[in-house]
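**Student:** Have a look; sequence and predicted model below, questions after that.
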Amino acid sequence: MPPCYTCCSIIGLLLALLGVLVKSQQYDDVNHVNVSQQCQQDLNETLLSPNISKDALYALDAFGKPGSGILVGDLVWLGSYQECQDLEQFHYCLLDLSINVSDIPIPLPPGMKKSLPVRWGTCFPRSCNEDDVFTGITQVADKLHIKFNITPGVVQHVQCSDPTNMWSDGVFVFTVILCCILGSLMLSGYALDVFIRESSENIPLTNPSHNNDRQVSTGSTEETPLLKIEKDSKYLKSLPSQFLLCFAFNRNLSKLLDTKQNERSILCLNGIRVISMSWVILGHVFAVILSTQSIDNVLTFTTIIKRFGFQAVLNAPFSVDTFFLLSGLLVTMGCLKRLEKNNGRLPWFWFYFHRYWRLTPCLCFIILITMSQQHLGEGPVWFPMMKNMVSHCQKYWWTTILYINNFYPTRFDEQCVGVTWYLSNDMQFFIISPIFIILLYKFKKLGIASMILTCLVSFSITIGLIVRNDFDIASSAGGIAGGATGRGNLGGSNFTTTVYQKPYCRISVYLVGMGLGLLLHQHRKIRMPKALAVLGWLFATMLAMLVVYGLYPAVSEGTSLSKTGNALYGALARCTWGIAVSWVIFACYFGYGGPINQFLSWKGWVPLSRLTYTAYLIHLPIVYQFYQAHDVPWHLDLIDYCYYFVAIAGLTYSVAVLFSLAVEYPFANMEKLFLPGSLQRGDPKKDDDTKQDNV
C-alpha cells in the first residue's frame with residue numbers, strides 16, 4: 001500500500017475503533033447536488049488516480065489526521081493549511097462534522113457528549129467548490145480506505161479558503177486610501193503647526209498679558225480647544241488652516257499625554273476606566289478562543305473554568321456595567337450643572353449632536369477595518385470567521401451607525417461589530433436621559449421616584465424573560481459564553497439576544513449612575529464617622545464578591561440554579577455590581593478612599609483612560625487577528641492565557657494611540673469649527689468632571 005494511503009488510513013482506523021455511527025439529519029437540496037464535471041475530472045486525475053502525482057501526494061499529506069488526546073477533546077484535525085495552499089492546483093477546505101459516538105465500546109470521560117463536533121481539514125482541487133467537497137468527500141474517503149460512511153448527516157458545513165485579490169475589493173481600497181489621507185492630514189497639520197511656531201518666535205510681544213495666548217494648550221479634558229497658538233496669526237484665520245491643525249498629531253499627542261487634572265475632577269474614574277477596559281479584554285481573550293472551536297484540549301481546559309479564581313474571567317461582562325454606571329454619572333452631573341448655570345435651559349440639539357459626532361467617526365472607521373480585515377491574514381479557521389463578519393457588515397452596517405443593532409439584526413451573532421451592542425444601549429440611554437434629568441432638576445423627588453420605578457420595571461422584564469425561556473445563568477459561564485461569543489443557546493432561546501443586549505434589561509445600572517451623579521452634584525463634602533466608612537467598604541466588597549463569585553458553587557459542580565435563583569441573579573446582579581462600584585466612587589470623591597483612591601487616582605492612568613473608547617473598538621479585531629490566523633490548534637493552559645492577555649492588551653493600547661490621533665481627536669477638534677460660539681465660552685478645565693464621555 002502506498003505511504004500516503006497508509007498515512008491517511010490512520011483516520012479510518014481510529015474512527016473505526018471509536019465505532020462511528022452516522023447521524024441522520026435533513027439537509028437542503030443544495031447539499032445533495034452531484035459533483036461538478038470539472039471537479040470530478042480533477043479528482044480522478046489527482047486524489048483518486050491510481051498513479052498519484054507528487055502534488056496529489058502533498059495534498060493527501062495536508063489532510064488532517066487524528067492525534068493523541070481524542071478522549072480529552074482533541075477533535076480538531078486541521079492538517080497543514082500552508083502545505084495545501086502552496087499547491088497551485090489545490091485549496092484548503094475545512095469540514096465541520098457531527099459524529100455520533102454513542103456506541104463507543106469504552107467509557108466516555110465526563111463532559112464528552114454523544115454527538116461530537118469534529119473539524120477536519122482537507123485539500124481538494126481548486127475546481128471543487130464547497131458543494132463539490134460536501135458531496136465528493138465520500139469518494140475520497142472510500143479511496144483512502146476510511147472505513148466509515150460519510151453522509152450528509154455527518155458533514156455539517158464546508159468552508160474552502162480562497163483568498164481574493166485585496167485590490168479588487170472596493171471597501172479595502174477605500175480603507176487604504178482613507179488611511180493614507182488621514183496620515184497625510186496628520187503630517188500636514190504637524191508641518192503647519194511647526195511653521196506657525198517658528199514664525200511666532202520672530203513676532204515681538206507688545207502686550208505681556210497676551211503671552212499666554214501664544215502657548216500651546218495642553219488641557220486635560222476633551223473639551224479643551226486646541227487652536228490657541230497665535231490667535232491673531234493670519235495662518236489661523238483661514239478655515240483650511242484650522243482644519244489642518246485639527247489633525248496635527250503633535251498637538252493631539254500632547255493633549256493625550258497631559259496628566260493635568262482640575263481640582264473638581266473625579267480622579268478615581270481614570271483608574272476605574274482602565275481597569276474595566278482591561279477586564280473587557282481579559283474576558284474576550286478567553287471568549288474568542290472558544291469561538292474558534294480549535295482547541296485541542298478543550299475538556300482539560302474546562303476543568304480550569306471551574307476554579308474559584310477563574311470566575312473573575314467568566315464574569316468579565318460586568319466590566320461593561322461599570323461603563324454604563326460612569327455614563328449615567330457623568331451625563332447627570334454635566335447636565336445638572338449646565339441647567340443651573342443657564343436657568344434650566346440646555347441646547348438639546350447640540351446635546352445630541354455632540355454625542356453622535358463624538359462616537360460615530362471612530363465607529364465608521366472600525367466598520368471599514370472589520371470589512372477589510374479578511375485580507376490581512378489567512379489560516380484554517382480564518383476564512384469561515386471572516387466570511388461571516390464581512391457578510392454581516394454588508395447587511396447590517398447601517399444599524400450599527402444608527403445605534404439600533406441591539407434590536408436589528410435579531411440575532412446577536414449577526415451584528416456587524418460585536419462589541420457595538422454596548423454603544424447602542426448607551427446611546428439609547430443617553431437619548432432618554434433628559435427625561436430623568438429634567439425631573440431631577442425641577443422635581444427632584446419625582447425624578448428619583450421615576451428612576452426607582454424604571455429599575456423595578458427593568459427587573460420585572462428581566463425576570464419574566466429568564467423564567468419564560470428557562471435560562472440557566474450558571475451554564476452560560478457567568479454570561480461570557482453566551483454574552484461574548486453569541487453562542488449561548490440556553491433553554492431553547494439565545495440568552496445574549498433575548499436578555500444580555502437589550503436596554504430594558506440593562507438600564508438599571510445606568511440609573512444607579514444617574515443617582516450617584518445627583519448625589520455628587522448636590523454635595524461638595526460629606527462627613528461620616530470612620531467606622532461607617534469602613535462598614536461601607538465591607539458592604540461594597542461583599543456585594544462585588546457576591547456578584548462575581550456567587551455562581552461558583554453551581555459552576556464548579558456543574559449544576560444549575562433554581563428558577564428563582566436564576567431569575568433573581570439575572571435581574572439583580574448588574575444593579576448590585578453598580579451599587580458596589582458607586583461606593584468606590586463615592587468614597588474616593590469625598591475622601592474616604594485611602595490607598596484605593598491613591599491607586600485609582602494615579603496620574604499614569606490619565607492617558608490610558610483617554611484611550612478607552614478607541615481601545616474598546618479596536619481590541620476585538622486584534623483578538624480575532626491573533627486567534628483566527630493560526631495554522632494549528634490551540635493548546636491552552638493558564639500560563640499561556642496570561643501571556644496572550646498581556647500581549648493583546650499591550651497591542652490594543654498601542655494601536656488605540658494611533659486610532660485616537662488619526663480619527664478620534666481630529667473629529668473632536670473639527671466639532672469646534674462649526675459649534676456656535678455661545679457653546680464654546682467658559683473655562684473648559686472646570687467642566688472636566690462633568691464631561692459626558694464614558695468610554
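**Tutor:** That came through fine.

**Student:** got a list of what the closest residue to residue 274 other than its chain neighbours touches?
**Tutor:** Nearest residue to residue 274, sequence neighbours excluded (CB to CB, 6 or more residues apart in numbering): residue 608, at 4.6 Å. C-beta here means a position set from N, CA and C on the backbone, and glycine is covered the same way. Contact partners of residue 608, counting by CB atoms under 8 Å, 6 or more residues apart in numbering, are 270, 273-274, 653.

**Student:** If you rank these by neighbours, which is first?
**Tutor:** Greatest neighbour count in the contacts of residue 608, by other CB atoms under 10 Å, goes to residue 273: 26 neighbours.

**Student:** ok, that one to residue 329 distance?
**Tutor:** 12 Å (CB to CB, to the nearest Å).

**Student:** now swap in residue 352 and tell me
**Tutor:** Distance from residue 352 to residue 329, by CB to CB: 19 Å.

**Student:** quick one, which of those two is more surrounded?
**Tutor:** Legend: neighbour count by other CB under 10 Å for residue 352 and residue 329, higher for residue 329 (29 against 14).

**Student:** Let me know the average pLDDT across the host helix or strand of the more buried one.
**Tutor:** Taking DSSP states H and E as the definition, one finds residue 329 inside helix 318-341. Mean pLDDT, computed over helix 318-341, is 96.

**Student:** So which bits of that helix are buried?
**Tutor:** Residues of helix 318-341 classed as buried by neighbour count (16 or more other CB atoms under 10 Å): 318-339.

**Student:** helices and strands around that helix, which ones?
**Tutor:** The contact analysis (3 or more CB pairs under 8 Å, 6 or more residues apart in numbering; DSSP states H and E) places helix 318-341 against helix 268-291, helix 421-442, helix 503-522, helix 563-589.

**Student:** chain center to it, what's the gap?
**Tutor:** Centroid displacement of helix 318-341 relative to its chain, using CA atoms, centre = their mean, to the nearest Å, is 22 Å.

**Student:** re the thing from before, which one among the contacts of residue 608 gets closest to residue 401?
**Tutor:** residue 273 (24.1 Å; CB to CB).

**Student:** Distance from the helix or strand following the helix holding residue 329 to the middle of the chain?
**Tutor:** Going down the chain from helix 318-341, the next helix or strand is helix 348-372, by DSSP H and E. Here the centre of helix 348-372 is set off from its chain's centre by 16 Å, with CA atoms, centre = their mean.

**Student:** what is the orientation angle of helix 348-372 with helix 318-341?
**Tutor:** Taking axes from the mean of the first three to the mean of the last three CA atoms, to 10 degrees, one finds helix 348-372 and helix 318-341 inclined to each other by 150 degrees.

**Student:** Would you indicate which residues of helix 348-372 are buried?
**Tutor:** For helix 348-372, the neighbour count (16+ other CB under 10 Å) marks 351, 354-355, 357-363, 365-372 as buried.

**Student:** Any stretches of the stretch 551-695 of the chain with poor pLDDT?
**Tutor:** Residue ranges of the stretch 551-695 of the chain with pLDDT under 70: 677-695.

**Student:** just the helices in it please.
**Tutor:** With DSSP state H, counting those that start in this stretch, the ranges of helices along the stretch 551-695 of the chain come out as 552-557, 563-589, 594-600, 605-610, 612-628, 638-659, 665-674.

**Student:** nearest to residue 386, of those helices?
**Tutor:** Closest to residue 386 of these, according to CB to CB: helix 612-628, at 7.2 Å.

**Student:** Restrict that closest one to CA atoms and write it as CSV.
**Tutor:** Provided in CSV are the C-alpha atoms of helix 612-628 (Å, rounded to 0.1, in the frame of the first residue of the first chain):
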residue,chain,number,x,y,z
THR,A,612,-10.7,53.7,26.5
TYR,A,613,-13.1,54.3,23.6
THR,A,614,-10.7,53.5,20.8
ALA,A,615,-9.3,50.6,22.7
TYR,A,616,-12.8,49.2,23.2
LEU,A,617,-13.5,49.4,19.5
ILE,A,618,-10.1,48.1,18.2
HIS,A,619,-9.4,45.3,20.7
LEU,A,620,-11.8,42.7,19.2
PRO,A,621,-10.3,42.9,15.7
ILE,A,622,-6.9,42.4,17.3
VAL,A,623,-8.1,39.4,19.2
TYR,A,624,-9.5,37.9,16.0
GLN,A,625,-6.3,38.6,14.2
PHE,A,626,-4.3,36.8,16.9
TYR,A,627,-6.6,33.7,17.3
GLN,A,628,-8.0,33.2,13.8
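
**Student:** tilt between it and helix 665-674?
**Tutor:** 150 degrees.

**Student:** and the angle from helix 612-628 to helix 421-442?
**Tutor:** Using the same axes, to 10 degrees: helix 612-628 against helix 421-442 is 160 degrees.

**Student:** Which strands and helices lie in contact with helix 612-628?
**Tutor:** Short answer (3+ CB pairs under 8 Å, 6+ apart): helix 612-628 packs on helix 268-291, helix 348-372, helix 382-401, helix 638-659.

**Student:** Assign a three-state SS to residue 116, would you?
**Tutor:** Here residue 116 is recorded as strand under DSSP: H, G, I helix; E, B strand; the rest coil.

**Student:** Apart from its chain neighbours, what residue comes closest to it?
**Tutor:** Excluding the flanking residues, the one nearest residue 116 by CB to CB, 6+ apart is residue 99, at 5.2 Å.

**Student:** Ok, residue 645 next?
**Tutor:** Distance criterion CB to CB, 6+ apart; nearest residue to residue 645, sequence neighbours excluded, is residue 285 at 4.9 Å.

**Student:** Pull the number of nearby residues for that neighbour.
**Tutor:** With other CB under 10 Å as criterion, residue 285 counts 25.

**Student:** quick one: the nearest residue to residue 659 once chain neighbours are set aside and residue 78, what's the gap?
**Tutor:** Distances taken as CB to CB, 6+ apart place residue 614 nearest to residue 659, at 4.1 Å, with adjacent residues excluded. Distance of residue 614 to residue 78, computed by CB to CB: 34 Å.

**Student:** coming back round to it: element containing the residue nearest to residue 116?
**Tutor:** Assigned by DSSP H and E, residue 99 belongs to strand 90-100.
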